[in-house]
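**Student:** Sequence first, then the predicted structure, then my questions.
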Number of protein chains: 4
Amino acid sequence: MATPSKSFFAVVAGVGAGTGGAVAKRFAKAYPVVLLARREESFKDLVAEINGSGGRAIGIPADATDAASVKSAFDTIKNELPGLNLAAAVYNVSAGFGIKPFLEFKLEDLDSSLKGNAHGLFHFAQSTLPLLLESVDSSPHPPSLIVTGATASVRGSAKFANFAAGKFAVRAITQSLAREFGPRGVHVAHAIIDGGIDIPRLAEYKHKFNNGAPDGLISPDSIAEDYWHLHTQHRSAFTQELDLRPYVEKF
Amino acid sequence: MATPSKSFFAVVAGVGAGTGGAVAKRFAKAYPVVLLARREESFKDLVAEINGSGGRAIGIPADATDAASVKSAFDTIKNELPGLNLAAAVYNVSAGFGIKPFLEFKLEDLDSSLKGNAHGLFHFAQSTLPLLLESVDSSPHPPSLIVTGATASVRGSAKFANFAAGKFAVRAITQSLAREFGPRGVHVAHAIIDGGIDIPRLAEYKHKFNNGAPDGLISPDSIAEDYWHLHTQHRSAFTQELDLRPYVEKF
Amino acid sequence: MATPSKSFFAVVAGVGAGTGGAVAKRFAKAYPVVLLARREESFKDLVAEINGSGGRAIGIPADATDAASVKSAFDTIKNELPGLNLAAAVYNVSAGFGIKPFLEFKLEDLDSSLKGNAHGLFHFAQSTLPLLLESVDSSPHPPSLIVTGATASVRGSAKFANFAAGKFAVRAITQSLAREFGPRGVHVAHAIIDGGIDIPRLAEYKHKFNNGAPDGLISPDSIAEDYWHLHTQHRSAFTQELDLRPYVEKF
Amino acid sequence: MATPSKSFFAVVAGVGAGTGGAVAKRFAKAYPVVLLARREESFKDLVAEINGSGGRAIGIPADATDAASVKSAFDTIKNELPGLNLAAAVYNVSAGFGIKPFLEFKLEDLDSSLKGNAHGLFHFAQSTLPLLLESVDSSPHPPSLIVTGATASVRGSAKFANFAAGKFAVRAITQSLAREFGPRGVHVAHAIIDGGIDIPRLAEYKHKFNNGAPDGLISPDSIAEDYWHLHTQHRSAFTQELDLRPYVEKF
């Protein structure tokens, strides 16, 4: 791993065994990275792995849906990484996934999706955008806010009302931020992850995705490469939205 | 006005001087109508007007964002219209409109949009869908749930993050309901109202819309005709989504 | 049938046993109608039926893909309906349908789609838009150009490359015309017909559509009602695009 | 420049001073590249530049709209690069750009767009897909067909009917190919270039794009990096479509 930047850092919210962890490791090749997750066990091993291989990582327990928790995390960051500026912020939190006949859903189900997705992005964006704006003139790549979406970001499937509500809301916010902060030099991008992700938790169901075709689940490392690519795009050619799906996925 | 149906009624949530009121009057030509709004003054004159011209209308104060209030309203309906079945339900509530630089928004602003739009539709749909399902075999037209959207339902413009979040969420829910309840015979439709509406409150700003062109603001009665048309569509040809905008509107 | 207008007429291109014929009969309730089809047998019975029931219809053989043929048809119209103005023009021609592995397609297949769809609309729009513009101030409803689309207008499915190419092209043209001619008072609308249509030719395959569910094929008369509704929309509330599909259709 | 592959090559159709040339140079870092353009002067200097800097390039005059010309070009390629397999094919031809009131367009204008865009891609895809399929098991990255789109690929603006028709058609074909050939291992992607490109021809109009903001025109080299990134995506995470626009571009 290259020596991480002494001037800039990246922060990833929603870190675990899947996309968030892979993104943290990818960005750690260039920057010190801050890993946010609700529970320490979600980032503990990743932090150790990055720090043990020449990178620099800090894990901070934080609940994205709680304004005070997010604020406190960014106060901690300021103390832990004094003088460093923010180059990239990745919002990878997802919540409220559930497939049910609509009449069986409770308001709590909807709220879990709206809060975990939309509230969380709201707090994360309010904390990171001021820092990203400060980096516009100095960052090695345009400072970036990258947000993870899903099939449900663009399609309200039957029995997915609540999850889709939260994911559509996140896409709305992301589009709006891209239009407001793009002209100020911050790259806001949204990735539609249209398929199952190859994470340990899905290992035993692997045969159910695309009939168990090889590479029928999305590699988190591939997503991480895409996010890194988005971050390094020249400001004359920002991508606002892209889709990512296995070659065998129906769409 | 024709004698209203003795077997079916319609309910409109979000009634006032604009779309909701016009829709109530249009559906009152065929059905007794229930008008829901938070404040009695929003529906008082309309109820009187409909009842005074041969129709039948009931106004019930209700807060769509409050599950108990919505439930209580439907209990009242059951008592007031015993034996009648629901033929059409229109969700026309909007909330959380606001244009601001993102960093000036408060969580309350986002919540006002998510609740007024998504929570409200959630409660309204949970109360009306079971009644609409009961009417599938008997209703003169396919029982319908029609939802009012806006430009912000499909576009997250700069400084519109919060309003768009709620409107995107509503669209997600509506799509999902269409896919779940369409095959069961209920018509779920979403109308994207892409322009200013010609309501008294906007009268003094009329010159600002489309340079004051004649008919540059959308006539609420026209929207009402469209909703009625959606309601009367044959089940072999349901529209899930349509847009409505003044001929002079840029899009 | 009401006495047809003495001042305005409608023209439908692509008339036969399905949508085009139903649309012609619907518009014949208000206007003399001109039916265009390549072969006389496509409109002969319809013309007789309309004329025999109090309406007025003229059939003209014309090939929409051939500029001279379209021009000649409109010359004939001018002679046959002297002094009448055009209130509504419906483009319902479809061509180039074919499902094949891409590598088995020939250029002729692609061309059949591009010509039957895009060339045809081009000629039809160039002939009708000047006439529609002349009617803006006098027509009982905003003069209208309504175009029939399909699932393939918005989705390039596997093995549908050619048909989708033509249908996407038609949608592009229709959007562009809506943006240019809407502000001048002409209503340009596009209907996405997303399902099989209930025409004699499909009768024996009926069980294959939506498992043979009742009303699982779209009723042409329903489409015709929608087109009439589009034509009668107030200019403050034009619909540019709507979808139409059976309640049981997956989408 | 690294030594180009001895086993695989890339081909770029539509090469000149802008995107095509930059893409050719980028892919030349890994593969011998074949440059196709109608006129030799479009690729002459590029071929020399690549060959002079350690890469390998072949220029072949070819008219993408002419089946025989495309076939002949691929015969030439077979002779010039015996034993090499195709790893990447980029279709960057554009034609038929023109902004005019619809009634002033001629059929030739529409045809120039349909042919230059849709016919051209048809021929190019028919020639390259069989070769790309042959490379699926051996290519260092999933064999790729990448197609250049524009704003007009997704939006039919006023007075853009013809150009949009061709661009929409190309998008339709590309989607269809992605769905047919993706599951067979070929990556088919479509890039929506939503802005002016920084090419010599536009130099004197630079102040007109985004008020002359720095980097207000898209750098061709940035597009080239994106195409290379698309080519190197893992097959578990293919992007089918992305947009690219300057940070200051309104959208």
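**Tutor:** Structure's in. What do you need? Remember, it's a predicted structure, so these values are computed and weren't measured experimentally.
**Student:** For the rest of this, base every contact and every neighbour count on C-alpha atoms.
**Tutor:** Fine.
**Student:** Now stretch A:135-154: buried residues?
**Tutor:** The neighbour-count check on stretch A:135-154 (16 or more other Cα atoms under 10 Å in any protein chain shown) flags A:135-136, A:139, A:141-154 as buried.
**Student:** Let's see which of those end up in helices.
**Tutor:** Of the positions in the buried residues of stretch A:135-154, not one sits in helices, assigned by DSSP state H.
**Student:** Show me what residue of the stretch 101-250 of chain A gets nearest to chain C.
**Tutor:** A:Ser157 (8.9 Å; Cα to the nearest Cα).
**Student:** so what's that residue closest to, chain neighbours aside?
**Tutor:** B:Ser176 (4.8 Å; Cα to Cα, 6 or more residues apart in numbering or on different chains).
**Student:** Okay, and that neighbour sits in which element?
**Tutor:** Using DSSP states H and E, the secondary-structure element containing B:Ser176 is helix B:161-181.
**Student:** Report pLDDT for the residue lying closest to A:Phe168 once chain neighbours are set aside.
**Tutor:** Nearest residue to A:Phe168 in three dimensions, chain neighbours excluded: A:Ser153, at 4.6 Å (Cα to Cα, 6+ apart). pLDDT recorded at A:Ser153 is 98.
**Student:** and A:Ser153, what is it in contact with?
**Tutor:** A:164, A:167-168, A:170-171, A:192 (Cα atoms under 8 Å, 6 or more residues apart in numbering or on different chains).
**Student:** What are the boundaries of the helices in the stretch 151-251 of chain A?
**Tutor:** Ranges of helices in the stretch 151-251 of chain A, per DSSP state H, counting those that start in this stretch, are A:161-181, A:220-232.
**Student:** next one: the stretch 1-150 of chain A
**Tutor:** Using DSSP H, counting those that start in this stretch, the helices of the stretch 1-150 of chain A run over residues A:19-27, A:40-52, A:67-80, A:107-113, A:120-134.
**Student:** I'd say A:Gly120 and A:Ala62 touch.
**Tutor:** No. Using Cα atoms under 8 Å as the test, A:Gly120 is too far from A:Ala62 to be in contact (10.6 Å).
**Student:** Which of these two has more residues huddled nearby?
**Tutor:** A:Gly120 (26 against 23; other Cα atoms under 10 Å in any protein chain shown).
**Student:** can you pull the pLDDT of that one?
**Tutor:** A:Gly120 carries a pLDDT value of 98.
**Student:** List the residues that contact it.
**Tutor:** Going by Cα under 8 Å, 6+ apart, A:Gly120 touches A:64-66, A:93.
**Student:** Quick check: ChimeraX command selecting the buried ones in those residues.
**Tutor:** Here is the ChimeraX selection string for the buried members of those, based on 16+ other Cα under 10 Å:
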select /A:64,65,93
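**Student:** Taking the contacts of A:Gly120, tell me the two that lie furthest apart.
**Tutor:** A:Asp66 and A:Val93 (12.8 Å; Cα to Cα).
**Student:** re the thing from before, would you format the helices of the stretch 151-251 of chain A as a markdown table with distance to A:Leu244 and mean pLDDT included?
**Tutor:** Compiled in a markdown table, the helices of the stretch 151-251 of chain A are given as follows (distance: least, Cα to Cα, whole Å; pLDDT from 0 to 100):
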| stretch | distance to A:Leu244 | mean pLDDT |
| --- | --- | --- |
| helix A:161-181 | 15 | 98 |
| helix A:220-232 | 8 | 98 |
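**Student:** Quick check: which of these is buried the most?
**Tutor:** Among those, the stretch with the highest mean neighbour count (mean count of other Cα atoms under 10 Å in any protein chain shown) is helix A:161-181, at a mean of 30.
**Student:** check contacts around the residue positioned nearest the centre of chain A.
**Tutor:** Closest residue to the average C-alpha location of chain A: A:Asn92 at 2.4 Å, with Cα atoms, centre = their mean. A:Asn92 makes contact with A:12-15, A:19-20, A:147-148, according to Cα under 8 Å, 6+ apart.
**Student:** one more time with 7 Å
**Tutor:** Residues in contact with A:Asn92 (Cα atoms under 7 Å, 6 or more residues apart in numbering or on different chains) are A:13-14, A:20, A:147-148.
**Student:** what separates it from A:Pro142, distance-wise?
**Tutor:** Distance, A:Asn92 to A:Pro142, by Cα to Cα, to the nearest Å: 19 Å.
**Student:** can you check A:Leu103 too?
**Tutor:** The value you get for A:Leu103 to A:Pro142, if Cα to Cα is used, is 45 Å.
**Student:** before we move on, the earlier item: tilt between the helix holding B:Ser176 and helix A:120-134?
**Tutor:** 140 degrees (axes from the mean of the first three to the mean of the last three Cα atoms, to 10 degrees).
**Student:** Give me the contacts around helix B:161-181.
**Tutor:** With Cα under 7 Å, 6+ apart as the test, helix B:161-181 has contacts from A:155-162, A:164-166, A:168-170, A:172-173, A:176, B:96-98, B:102, B:109-110, B:113-114, B:117-118, B:149, B:152-154, B:156, B:187-188, B:190.
**Student:** try stretch A:240-249
**Tutor:** So stretch A:240-249 is contacted by A:188-195, A:210, A:215-218, D:182-183, D:185, D:235-243 (Cα under 7 Å, 6+ apart).
**Student:** try 6 Å this time
**Tutor:** Stretch A:240-249 has contacts (Cα atoms under 6 Å, 6 or more residues apart in numbering or on different chains) with A:189-195, A:216, A:218, D:182-183, D:235-239, D:241-242.
**Student:** Test for you: state the pLDDT assigned to the closest residue to chain D within the stretch 1-150 of chain A.
**Tutor:** Scanning the stretch 1-150 of chain A for the residue nearest chain D gives A:Pro142, at 9.8 Å (criterion: Cα to the nearest Cα). Confidence at A:Pro142, expressed as pLDDT, is 98.
**Student:** Could you check how far it is from D:Gly120?
**Tutor:** 36 Å.
**Student:** Measure how buried whichever residue of the stretch 51-200 of chain A sits closest to chain D is and give me the count.
**Tutor:** As assessed by Cα to the nearest Cα, chain D sits closest to A:Pro183 within the stretch 51-200 of chain A, at 4.3 Å. Other residues lying near A:Pro183 total 17 when counted by other Cα under 10 Å.
**Student:** Alright, that wraps it up for me.
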